[in-house]
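**Q** Got a predicted structure plus its sequence, pasted below:
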Amino acid sequence: MSTPTRTIRNLWRVGIKGYFQQMNAGTLIGMDRFGNKYYENFEEELPLRTKWVDYKRGYFDASEIEPGWHAWLHYMADKPPTQDPLLQPRTNKWSPADHIPNPTMSRAAYKPYSTVRQDRIQSWAPVAKPREASA
């Protein structure tokens, strides 16, 4: 928990912009293959904010965080992937070679069939064979 004294000292140390971003106040732990930087700060942290990621690109796409770094960020692992061999990124036969970004809020986003075009849905008119008279 951050005390008012620590909060004011942190604000004085990193400035207004850095206070809200907390990018210069922490220790660089490592980088992933996408260029994202991972930081940690236990000395002058905001409450419950001791680990964070600085995305290389301007937008925040959580699908660019590798599973090992995700485990470290969310306190599921004590050591970062740079120190723990089990958290090292690995490729599987079934996984794509390159990263596929999350297409939400773009033209490539998933759209259910019923919302795509209404003229594709046609009503069914059953055709019945007339019955033959039984003898």
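**A** Looks like it arrived, so ask away.

**Q** use CA for all of it now, contacts and neighbours both
**A** Will do.

**Q** In three-state terms, how would residue 92 be classified?
**A** What DSSP: H, G, I helix; E, B strand; the rest coil gives for residue 92 is coil.

**Q** where do the strands sit along the protein?
**A** Along the chain, counting by DSSP state E, strands occupy 27-31, 37-40, 51-54.

**Q** possible to save those strands as JSON lines with mean pLDDT and distance to residue 131?
**A** Formatted as JSON lines, the strands of the chain follow (pLDDT from 0 to 100; distance: least, C-alpha to C-alpha, whole Å):
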{"stretch": "strand 27-31", "mean pLDDT": "90", "distance to residue 131": "75"}
{"stretch": "strand 37-40", "mean pLDDT": "90", "distance to residue 131": "75"}
{"stretch": "strand 51-54", "mean pLDDT": "86", "distance to residue 131": "73"}
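
**Q** Just tell me which of these ends up closest to residue 94.
**A** Of all those, strand 27-31 sits nearest to residue 94, with 24.7 Å by C-alpha to C-alpha.

**Q** The closest one - contacts with which helices or strands?
**A** strand 37-40 (3 or more C-alpha pairs under 8 Å, 6 or more residues apart in numbering; DSSP states H and E).
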